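Student: Build me a model from this:
(2 chains)
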Protein chains: 2
Amino acid sequence: MQEPDELRELVERGLAELALSGELGGLEVPSRYALAGGGKRVRPTLCLAVAEAAGGDVDAALPAALALELVHTFSLVHDDLPAMDDDDERRGRPSTHVAHGEGVALLAGDALLVEAFRLALSYEDVDVARELASATQGMIGGQYLDITGADADLEQLHRLKTGRLFAAAVGLGLRVARVPEPEQAPWRAFGDELGLLFQVVDDVLDGDGYAARLGPGGAQTVAASTAQRLRDRLAEIPADTRVLRALVDELATRTS
Amino acid sequence: MQEPDELRELVERGLAELALSGELGGLEVPSRYALAGGGKRVRPTLCLAVAEAAGGDVDAALPAALALELVHTFSLVHDDLPAMDDDDERRGRPSTHVAHGEGVALLAGDALLVEAFRLALSYEDVDVARELASATQGMIGGQYLDITGADADLEQLHRLKTGRLFAAAVGLGLRVARVPEPEQAPWRAFGDELGLLFQVVDDVLDGDGYAARLGPGGAQTVAASTAQRLRDRLAEIPADTRVLRALVDELATRTS
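Tutor: Down below sits the predicted model:
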């Protein structure tokens, strides 16, 4: 069973070695620029950890894990555009549209999204790509709530924008490990709350969202109780979930 | 065997009745706005005509045909954005970002793209979605050539930007009709040239591209010879291709 750092290393290497569609031509450069921006690779690492804990093969799960990271990266590239959040920096580097121009960044985001589906479609089990598509639509629906502020229901917004990809990290790990649907429920209950932990901690670190609404102390209380609930969920899963537990602890205590 | 107008009617009805992902919420309105913009529905109509000519069922081919139209529409919504072509109008109506705002149009384009994959993924044959993904990456690569003008090779640009979706219209029709791969070659030879006919006629009508390079007369000559080559290709296909022949004639003689 591989430790979180080993799984992250697999993800980094997989991203570095990923063969993009040749027909993208020069668009490969800005697409790789966006992908190479670092980040914690939380979603793909979770996906690999779930696959391994569920008895699957980590290498076999890698395309699904990378697909999740590509969808996440596509969303960041589009989110950073002036028409959306208008962020000039992303993780200490110029964001993709600043480095490569707006039109090119728009297309690079599109290409990363399609490349994610190409990865998910490398499986003969069509349900892998179906779950990715469903989660991606949910995430996009969340981005819409975010920029329009329509009925700004923070729970619903985050359940979609952040939560759907985290839940899919678990779901895809299960699918790739061929866990029968009737046995997926306790895993999915775990996956459904992961996004909340990630988001609350994010808000505590950024001082917005839940931290703005509940105060830093209130948000930290939500984070702690969510982390505990996630540990309880893991305890209900009849498998060796130590690595997932370590990942929950990382998410709960991260400082950046 | 259904006539072109009947097939187009099926497409229009299919688009009108298409159930989008519920999680898109309010993003459904701008997404439908973009889809309802009319247009000739050339790609989905071709897809249905190929499926029927190849012995398949038109209704079974409808999701694949609609997926093509959604990919096409996504590309138009993003193309019209200020960061790209900055077009305020599309087919006599305000373009999506003028009607709904830039950020929302960006997300609506993303959502249409993912919705296209959801449609393609309604088939158990994973090759349907694979071919759609491959064609979409080619199209995006063509858009990149278009906005960067990098090695502006007009043939390569159009083969990708226009040609790949036209070729996929034929390819998806064949897959849905379950035509065995070894028998697909003459059909695909037809599909590979459809985009050129569409594009040259487009350029004649707009006075740019091939018309600018070859003069109106030169471009019309290319259009006529391409149309003739397409008719010859159809004659080599051992099937009743009358409806496809009618569609080629429409493409060759259209005035808008």
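Student: Do I have it right that residue A:80 meets residue A:94?
Tutor: No - using CB atoms under 8 Å, residue A:80 is not in contact with residue A:94; the gap is 9.8 Å. No exception for glycine: its C-beta is placed from N, CA and C like everyone else's.
Student: between these two, what contacts are shared?
Tutor: Common contacts of residue A:80 and residue A:94, defined by CB atoms under 8 Å, 6 or more residues apart in numbering or on different chains, comprise residue A:88.
Student: Please identify which of these two sits among more neighbours.
Tutor: Between residue A:80 and residue A:94, counted using other CB atoms under 10 Å in any protein chain shown, the more crowded position is residue A:80 (22 against 14).
Student: check contacts around the more buried one.
Tutor: The contact partners of residue A:80, by CB under 8 Å, 6+ apart, come to A:86-88, A:90, A:95-97, A:105.
Student: Repeat that for residue A:132.
Tutor: A:64, A:67-68, A:71, A:116-117, A:120, A:168, A:172.
Student: Could you dump the residues you listed into CSV with secondary structure and neighbour count added?
Tutor: Output for these, formatted as CSV (DSSP: H, G, I helix; E, B strand; the rest coil; neighbours: other CB atoms under 10 Å in any protein chain shown):
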residue, secondary structure, neighbour count
A:64, helix, 29
A:67, helix, 29
A:68, helix, 30
A:71, helix, 28
A:116, helix, 28
A:117, helix, 28
A:120, helix, 32
A:168, helix, 29
A:172, helix, 33
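Student: near chain B, which of those show up?
Tutor: Subset of the contacts of residue A:132 in contact with chain B: residue A:117, counting by CB under 8 Å from any CB of the partner chain.
Student: tell me which element the most centrally placed residue in chain A is part of?
Tutor: Compute the mean C-alpha point of chain A, and by CA atoms, centre = their mean the closest residue is residue A:43, 3.7 Å away. Assessed by DSSP states H and E, residue A:43 sits inside helix A:42-53.
Student: Tell me the helix or strand right after the one helix or strand residue A:193 maps to.
Tutor: Here residue A:193 sits within helix A:185-206, counting by DSSP H and E. On the C-terminal side of helix A:185-206, the closest following helix or strand by DSSP H and E is helix A:210-235.
Student: The following helix or strand past that following helix: which residues count as buried?
Tutor: Per DSSP H and E, the first helix or strand lying C-terminal to helix A:210-235 is helix A:242-253. By neighbour count on 16 or more other CB atoms under 10 Å in any protein chain shown, the buried set for helix A:242-253 is A:243-245, A:247-248, A:251-252.
Student: same deal with stretch A:138-146?
Tutor: For stretch A:138-146, by 16+ other CB under 10 Å, it's A:138-146.
Student: can you give me the helices for the stretch 51-200 of chain A?
Tutor: Using DSSP state H, counting those that start in this stretch, the helices of the stretch 51-200 of chain A run over A:58-79, A:96-100, A:102-120, A:126-148, A:154-158, A:164-176, A:185-206.
Student: what stretches of chain A score poorly on pLDDT?
Tutor: Along chain A, the model assigns pLDDT under 70 to residues A:150-152.
Student: so what's the backbone phi/psi at residue A:208?
Tutor: phi -130, psi -170 (degrees, to the nearest 10).
Student: for chain B, what are the nearby residues on the stretch 151-256 of chain A?
Tutor: A:160, A:164.
Student: Can you name the residue of the stretch 151-256 of chain A nearest chain B?
Tutor: residue A:160 (6.1 Å; CB to the nearest CB).
Student: okay, now that residue: neighbour count?
Tutor: Counted with other CB under 10 Å, residues neighbouring residue A:160 total 26.
Student: That one - nearest residue in space that isn't next to it in sequence?
Tutor: residue A:142 (3.0 Å; CB to CB, 6 or more residues apart in numbering or on different chains).
Student: what's the answer for residue A:249, then?
Tutor: Distances taken as CB to CB, 6+ apart put residue A:227 closest to residue A:249, at 7.5 Å, once the chain neighbours are dropped.
Student: Residue A:164 now?
Tutor: What sits nearest to residue A:164 in space, not counting adjacent residues and going by CB to CB, 6+ apart, is residue A:138, at 3.5 Å.
Student: count of neighbours near residue A:123?
Tutor: Residue A:123 has 19 neighbours, counted by other CB under 10 Å.
Student: Then residue A:55?
Tutor: Counted by other CB under 10 Å, the residues lying close to residue A:55 total 11.
Student: Return the distance of it relative to residue B:245.
Tutor: Applying CB to CB, to the nearest Å, the value for residue A:55 to residue B:245 is 56 Å.
Student: again with residue A:217
Tutor: In terms of CB to CB, residue A:217 sits 74 Å off from residue B:245.
Student: what does residue A:198 give?
Tutor: The gap separating residue A:198 from residue B:245 is 57 Å, by CB to CB.
Student: got it, and residue A:47?
Tutor: 49 Å.
Student: With residue A:10 instead?
Tutor: Distance, residue A:10 to residue B:245, using CB to CB: 53 Å.
Student: The residue nearest to residue A:160 contacts residue A:157, doesn't it?
Tutor: Yes - under the criterion of CB under 8 Å, residue A:142 makes contact with residue A:157 at 5.6 Å.
Student: For the helix or strand residue A:7 falls within, C-alpha coordinates in PDB please.
Tutor: Assigned by DSSP H and E, residue A:7 falls within helix A:4-17. C-alpha atoms of helix A:4-17 as PDB (Å, rounded to 0.1, in the frame of the first residue of the first chain):
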ATOM      1  CA  PRO A   4       0.300   9.700   0.100                       C
ATOM      2  CA  ASP A   5       3.600  11.100  -1.000                       C
ATOM      3  CA  GLU A   6       4.200   8.100  -3.300                       C
ATOM      4  CA  LEU A   7       0.800   8.400  -4.800                       C
ATOM      5  CA  ARG A   8       1.400  12.200  -5.400                       C
ATOM      6  CA  GLU A   9       4.600  11.300  -7.100                       C
ATOM      7  CA  LEU A  10       2.800   8.900  -9.400                       C
ATOM      8  CA  VAL A  11       0.400  11.700 -10.300                       C
ATOM      9  CA  GLU A  12       3.200  14.200 -11.000                       C
ATOM     10  CA  ARG A  13       5.000  11.700 -13.200                       C
ATOM     11  CA  GLY A  14       1.800  10.700 -14.900                       C
ATOM     12  CA  LEU A  15       1.000  14.400 -15.700                       C
ATOM     13  CA  ALA A  16       4.600  15.000 -16.900                       C
ATOM     14  CA  GLU A  17       4.500  12.000 -19.200                       C
END
